[in-house]
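A.B. asks: Next input, structure requested:
(chains A and B)
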Amino acid sequence: MLEWVNLLSAWAVPVMIAFIPLYAYFKKVPVYESFVDGAKDGFNTAIGIIPNLVGMMVAISVFRASGALEFFVGLISPLFDYFRIPAEVLPLGLLRPLTGTGSLAFTTDLIKTYGPDSLIGRIASTIQGSTDTTLYVLTVYFGAVGIRNGRYALKVGLFSDIVGFFAAIAICLLLFG
Amino acid sequence: MVNKIWLGLIVIGFLFAAVKGDINTVTQAAFDGAATGVTVCFGLISVLVFWLGMMRMAEDAGLIKTISKMLGPVVSYLFPDVPKDHPAMGFILTNMSANVLGLGNAATPMGIKAMQQLQELNPHKDTASPAMCTLLALNTASITLIPTTLIAIRLNFNSANPAEIVGSTLIATGIATMAAIIADRFYRRRYSRKIPPPVTPPTITMKR
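C.D. replies: All right, here's what the predicted structure looks like:
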């Protein structure tokens, strides 16, 4: 089972790299031109998030360097240690549903501090990649059509975030722990 | 909300440093953080340029439509109160397919169009309909095949195997989505019972 997951990780990207151009070619798409045309957007997307990411990285960097992060993580770590979960990832779980760039910046900070191939780095990557920013999705989608009473949508979104958070930790402990 | 979190992080950090008598770390950390932010974004350029090029090919080849067809039965099960030939269905399918491919830029406009169509079917215009809540649940959990940004960041910090998190992410996102669907079903049933407010007879407590 675990071997299959690792095989999936190894094959997913290469298969898509080979499959998509081939599929597009058979569908009579001018593959190279289409690629270049779409690739232009990538540059703007990456540059466009600089202000957001710099803002969030500054705040998180100050919060960590001052010792505040260590203090709060220290408060909760006894509970997390009991389940062999690194407490360092809890702030990420709290940030994830609230702010997309904030949690991306915190993930970056964890990867920078502990290394991408550490357990914490892998858990952080999995958490960040596995759900979307619930609050943002709710605001944009309901805002667009003037819904004021979202009923149970927030509850469902947050519930799935919590489940996703612990699922990410459990899987990483199984795979890499 | 975001404003408060951002301000809170900076102010609490400042206070901690001030109390520890180590105020220089604030300046140092602020500029260090800014530098990391820019470095990471530059690192993202290579992967995003490449991947969005790949995804444009996928779009031009009609891959979104192909995935939509595969998702069709699942979606009509998840949205029982949307008629099959209603335009909302098409937008919901495109929104989900774009999400699977990780095309956030294409997914959001389609999701909003789907919401507008669902609003036409909605009897109470300022209250979310069950179909809207289901669409939201699917989007907040958002199944993504390849977490490109994370691979790029890991690459940036010299990971030995940047893509090794593809499998774990796919499983976690799958579980989160299942949880969202189950919770959505649960509340949908509970609220559909609630909507015509059941007249509960006043309970008479008898003293013994």
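
A.B. asks: count of neighbours near the residue nearest to residue B:2 when sequence neighbours are not counted?
C.D. replies: In space, and not counting its chain neighbours, residue B:2 is closest to residue A:99: 4.8 Å by C-beta to C-beta, 6 or more residues apart in numbering or on different chains. C-beta: built from backbone N, CA, C; applies to glycine. By other C-beta atoms under 10 Å in any protein chain shown, 21 other residues sit near residue A:99.

A.B. asks: Dump the helix or strand hosting residue A:78 to PDB, restricted to CA.
C.D. replies: For residue A:78, the host element (DSSP states H and E) is helix A:68-82. Taking Å, rounded to 0.1, in the frame of the first residue of the first chain, the C-alpha atoms of helix A:68-82 are listed here in PDB:
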ATOM      1  CA  ALA A  68       6.800  34.100  20.400                       C
ATOM      2  CA  LEU A  69       6.200  31.100  18.100                       C
ATOM      3  CA  GLU A  70       8.400  28.900  20.200                       C
ATOM      4  CA  PHE A  71       6.500  30.000  23.300                       C
ATOM      5  CA  PHE A  72       3.100  29.100  21.900                       C
ATOM      6  CA  VAL A  73       4.300  25.900  20.400                       C
ATOM      7  CA  GLY A  74       5.800  25.000  23.700                       C
ATOM      8  CA  LEU A  75       2.400  25.400  25.400                       C
ATOM      9  CA  ILE A  76       0.700  22.800  23.200                       C
ATOM     10  CA  SER A  77       3.600  20.500  22.500                       C
ATOM     11  CA  PRO A  78       3.000  18.200  25.500                       C
ATOM     12  CA  LEU A  79      -0.400  17.200  24.200                       C
ATOM     13  CA  PHE A  80       0.900  16.700  20.600                       C
ATOM     14  CA  ASP A  81       4.000  14.800  21.800                       C
ATOM     15  CA  TYR A  82       1.700  12.300  23.300                       C
END
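
A.B. asks: Identify the residue spatially nearest to the residue nearest in space to the middle of chain A, adjacent ones excluded.
C.D. replies: The structure's chain A has its C-alpha centroid closest to residue A:128; by C-alpha atoms, centre = their mean the separation is 1.5 Å. Take residue A:128 and drop its neighbours on the chain: the residue closest to it by C-beta to C-beta, 6+ apart is residue A:107, 4.2 Å away.

A.B. asks: And the helix holding residue A:78, what's buried?
C.D. replies: A:68-69, A:72-73, A:77, A:80 (16 or more other C-beta atoms under 10 Å in any protein chain shown).

A.B. asks: residue contacts, residue B:160?
C.D. replies: residue A:117 (C-beta atoms under 8 Å, 6 or more residues apart in numbering or on different chains).

A.B. asks: What score does it have for pLDDT?
C.D. replies: Note on residue B:160: pLDDT of 94.

A.B. asks: ok, whatever residue of chain A ends up closest to chain B to residue B:54 distance?
C.D. replies: Closest residue of chain A to chain B, C-beta to the nearest C-beta: residue A:38 (2.2 Å). Applying C-beta to C-beta, to the nearest Å, the value for residue A:38 to residue B:54 is 8 Å.

A.B. asks: Could you check which of the two has the larger neighbour count?
C.D. replies: residue B:54 (24 against 21).

A.B. asks: Which strand or helix spans the closest residue in space to the more buried one that isn't next to it in sequence?
C.D. replies: Once flanking residues are discounted, residue B:54 sits nearest to residue A:20: 5.3 Å by C-beta to C-beta, 6+ apart. In the assignment (DSSP H and E), residue A:20 maps to helix A:2-26.

A.B. asks: For the most centrally placed residue in chain B, give me its contacts.
C.D. replies: With distances taken as C-alpha atoms, centre = their mean, the residue of chain B nearest its centroid is residue B:140 (3.0 Å). Counting by C-beta under 8 Å, 6+ apart, residue B:140 touches A:97, A:131-134, A:137-138, A:156-157, A:160-161, B:180.

A.B. asks: circling back: my guess is the residue nearest to the centre of chain A contacts residue B:150. True?
C.D. replies: Yes - under the criterion of C-beta atoms under 8 Å, residue A:128 makes contact with residue B:150 at 5.8 Å.

A.B. asks: Can you pull the residues that touch both of the two?
C.D. replies: residue A:107.

A.B. asks: for the helix or strand harbouring residue B:50, which positions count as buried?
C.D. replies: According to DSSP H and E, residue B:50 maps onto helix B:24-60. For helix B:24-60, the neighbour count (16+ other C-beta under 10 Å) marks B:25-26, B:29-30, B:32-34, B:36-37, B:39-41, B:43-45, B:47-60 as buried.

A.B. asks: now stretch B:157-170
C.D. replies: Buried-residue list, stretch B:157-170, by 16+ other C-beta under 10 Å: B:157, B:159, B:162-170.

A.B. asks: What does the residue of chain A most remote from its centre show for phi and psi?
C.D. replies: Most distant from the centre of chain A: residue A:28, at 35.0 Å, with distances by C-alpha atoms, centre = their mean. The phi/psi pair for residue A:28 (degrees, to the nearest 10) reads phi 60, psi 30.

A.B. asks: Equivalent analysis for residue A:149, please.
C.D. replies: phi -100, psi 100.

A.B. asks: I'd like to know which elements the helix holding residue B:50 is packed against.
C.D. replies: helix A:2-26, helix A:31-48, helix A:50-65, helix A:100-114, helix B:2-20, helix B:148-156 (3 or more C-beta pairs under 8 Å, 6 or more residues apart in numbering or on different chains; DSSP states H and E).

A.B. asks: Report the residue ranges of every domain in chain B.
C.D. replies: Structural domains annotated on chain B: B:1-47, B:62-194, as defined by automatic domain parsing.

A.B. asks: Start and end of the shortest one, how far apart?
C.D. replies: This means domain B:1-47. Here the two ends of domain B:1-47 are set 31 Å apart, with distance taken as C-alpha to C-alpha, to the nearest Å.
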